[in-house]
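Q: What follows is a predicted structure for the sequence shown.
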Amino acid sequence: MKCLLLVIAILAMNVQAQNVNIAIGDYAPYIDKSQANKGFLSEIVVQAFKNSGLKAVLEFKPWKRIEATEINENNLVSFAWIKTKERSTRWHYSDTIMSTTTVFITAKDKGFKWKTLNDLKAFKIGVSRGYSYGNEFDAMRGKFKIQEAASDEQNIKKLVSGRIDVFPIDPFVGAQIIRDKLSAADAAKLKMVSEPNLGEDGMHAVCGKKNVQCLGILEKFNAGLAKMKADGSLQAIITKATALK
């Protein structure tokens, strides 16, 4: 009996070891707790881990807390992060899952045009708390007229009310918020300015350098992701998710 209990205990430990606890926040349509697949980026990540024999357990938490404590102190994995110099001192990054572009949304009557980052100094710029908009933009934040809000949705509503002039955002995220959260009349007041843009960034899975299992987890994730790229399943998920966008 003791031997049987010992075997059961070992098996239970092995099953538990196959779980990867992941902290994420809503970032629709990439990550969306209201959807069965929790968003198409979540679907990609779950499948990549599954390809390497690991089960991704998704936990939804505020993004700010994830960055401040869940990754660094509680040893949780996360994803949808872009690389910055500051984060790279604390985190290890996976291979690129997919790339995202940052564009500007503005009110049609603002006459917003820009060519270089210096041109942005003339405008009131909304940003979302805890977000990075790329190393170059982040380095110049102190020179901009920045207004921080708790969410992308709040910033888009500030555009409608005229409290800010422009707001940088992923075009798919912005389009979904405008469609789902604004009236047709308010949506008609806004436009996206996609050229020039703030650049293209890769989205990654991350974990803290203090986490002794981090590199092993990312190695398995990268292997599973490589399989998805090779067999076309990654592109199939992206194509399906963005077909109507």
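A: Okay, I see it.
Q: For the residue nearest the centre of the chain, I want the exact helix or strand it lies within.
A: Central residue of the chain (CA atoms, centre = their mean): residue 80, 3.0 Å from the mean position. In the assignment (DSSP states H and E), residue 80 maps to strand 78-81.
Q: and after that strand, which helix or strand comes next?
A: helix 85-88.
Q: For that following helix, the averaged confidence score.
A: For helix 85-88, the mean pLDDT works out to 92.
Q: got a list of contacts for that helix?
A: 81, 132, 135, 206 (CB atoms under 8 Å, 6 or more residues apart in numbering). (Glycine included, C-beta is placed from N, CA and C.)
Q: So which of those sit within helices?
A: Counting by DSSP state H, these place residue 135 in helices.
Q: Pick the one among the contacts of helix 85-88 closest to residue 59.
A: Nearest to residue 59 among the contacts of helix 85-88 is residue 206, at 14.8 Å by CB to CB.
Q: who's the closest residue to that closest one other than its chain neighbours bridged to?
A: Spatial nearest neighbour of residue 206, excluding adjacent residues (CB to CB, 6 or more residues apart in numbering): residue 91 at 4.5 Å. Bridge pairing for residue 91 (DSSP bridges) gives the partners residue 208.
Q: so where is the chain shaky, pLDDT-wise?
A: Along the chain, the model assigns pLDDT under 70 to residues 1-17, 243-245.
Q: Which helix runs longest in it?
A: The chain, longest helix under DSSP H: helix 214-231.
Q: Check which residues of that one are buried.
A: 214, 217, 218, 220, 221, 222, 224, 225, 227, 228 (16 or more other CB atoms under 10 Å).
Q: show me what contacts the residue lying closest to residue 204 once chain neighbours are set aside?
A: What sits nearest to residue 204 in space, not counting adjacent residues and going by CB to CB, 6+ apart, is residue 93, at 4.4 Å. Residue 93 sits next to 81, 83, 204, 205, 206, 218 when contact means CB under 8 Å, 6+ apart.
Q: for residue 93, phi and psi?
A: With angles defined as degrees, to the nearest 10, residue 93 sits at phi -120, psi 150.
Q: one step back: reformat the buried residues of helix 214-231 as TSV; add distance to residue 36.
A: Shown next, in TSV, are the buried residues of helix 214-231 (distance: CB to CB, whole Å):
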residue	distance to residue 36
214	29
217	25
218	27
220	25
221	22
222	26
224	21
225	22
227	23
228	19
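Q: Correct me if wrong: the residue nearest to the centre of the chain contacts residue 29.
A: No: using CB atoms under 8 Å, residue 80 is not in contact with residue 29, being 11.6 Å away.
Q: Please confirm that residue 23 is located within a helix.
A: No: Residue 23 is assigned strand when assessed by DSSP: H, G, I helix; E, B strand; the rest coil, not a helix.
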